[in-house]
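Participant: what follows is a predicted structure for the sequence shown.
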Amino acid sequence: MAARSAMAAWGFRLGILGLVLAAAGVAVSRMAPASFQIALGAVAFGAVVGVLAILVSAAGLLMALVTGRKGARKAIVGLVLGLGIAAPVAQGVIVGSQVPRIHDITTDLADPPQFAALKGNRGDYANPLDRTAPADLAALQETAYPDIRTVTINMAPARVFDAALATARDMGWEIVDTDPDAGRIEATATTLVMQFRDDVAIRVSQTQEGGSAVDMRSVSRVGQSDLGANANRIRTFMVALKQKLGFEK
């Protein structure tokens, strides 16, 4: 009987360990949002173990193929597990290196939409809403996301407000509060895997010409960097809003 490849077996074990660590981090993030740093640490450690699983499994697979030892299947599983854990984290690191370490994005830098209902319900652990850190927040946003601007629509504010509310619901956000008279919508968006919560404020106001100006602000509750998620959320919402109003297909 052919001997088993020890390297292949260790690669498989490392893949399982990386998966367990990453799963534990996700579980902590879902159950205890205030412990997000522990959750991210567990996921990051799992990714490091995943990289080791890739290297060891690749060596084990090569050894099994060259020597005829058993263990090729375990090595392949170890490779798949390692890639499945390490690749998303690596992608996040790459994206994070390309955007500024900010987490509060708005279409109106001079007069950002404000939170009323959500202001006291974000938790003691949440990022502040005063936009004072970093000191050059507005400049960083303007440089990184020059396309994030107020959207003007040649329709009455009441109609645009209804469409904005419907669009927010279509996107799966939790609608926390609405004030049609003030043109204000507050909602919370939750990420799929880690279930990080980002709060959204939408403001629909009347322009001098009688149309509507739509502003939006998206703020992450935790983390110094949002990896570009808030800017992408604003872009996606504005495109969907225009489509709902018949301006884009």
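Facilitator: Cool, the structure landed.

Participant: counting neighbours, what do you get for Gln208?
Facilitator: For Gln208, the neighbour count with other Cβ atoms under 10 Å is 6. Heads up, the C-betas are built off the backbone N, CA and C, glycines and all.

Participant: distance of it relative to Gly246?
Facilitator: Going from Gln208 to Gly246 by Cβ to Cβ, to the nearest Å gives 23 Å.

Participant: then Asp226?
Facilitator: For Asp226 relative to Gly246 (Cβ to Cβ), the value is 31 Å.

Participant: who's more crowded, those two?
Facilitator: Of the pair Asp226 and Gly246, Asp226 is the one with more neighbours under other Cβ under 10 Å, namely 25 against 9.

Participant: contacting residues for the more buried one?
Facilitator: Applying Cβ atoms under 8 Å, 6 or more residues apart in numbering to Asp226 gives the contacts 99, 102-103, 105, 198, 220.

Participant: ditto for Gly84
Facilitator: Contacts of Gly84 by Cβ under 8 Å, 6+ apart are 19, 50.

Participant: what does stretch 242-249 rub up against?
Facilitator: 151, 153, 155, 159-160, 163, 166-167, 170, 239.

Participant: now the buried members of those residues.
Facilitator: Using 16 or more other Cβ atoms under 10 Å as the burial test, the contacts of stretch 242-249 include 151, 153, 160, 163, 167 as buried.

Participant: among those residues, which ones are in helices?
Facilitator: 160, 163, 167 (DSSP state H).

Participant: out of those, which comes closest to Ala22?
Facilitator: Using Cβ to Cβ, Thr167 comes nearest to Ala22 of these, at 33.2 Å.

Participant: just checking, Asp199 is part of a helix?
Facilitator: No: counting by DSSP: H, G, I helix; E, B strand; the rest coil, Asp199 is not part of a helix but strand.

Participant: would you confirm that it contacts Asn230?
Facilitator: No: contact status for Asp199 versus Asn230: not in contact, 9.8 Å apart, counting by Cβ atoms under 8 Å.

Participant: in this structure, which helix is the longest?
Facilitator: Max-length helix for the chain by DSSP H is helix 36-67.

Participant: return the distance of it from the chain's centre.
Facilitator: 24 Å (Cα atoms, centre = their mean, to the nearest Å).
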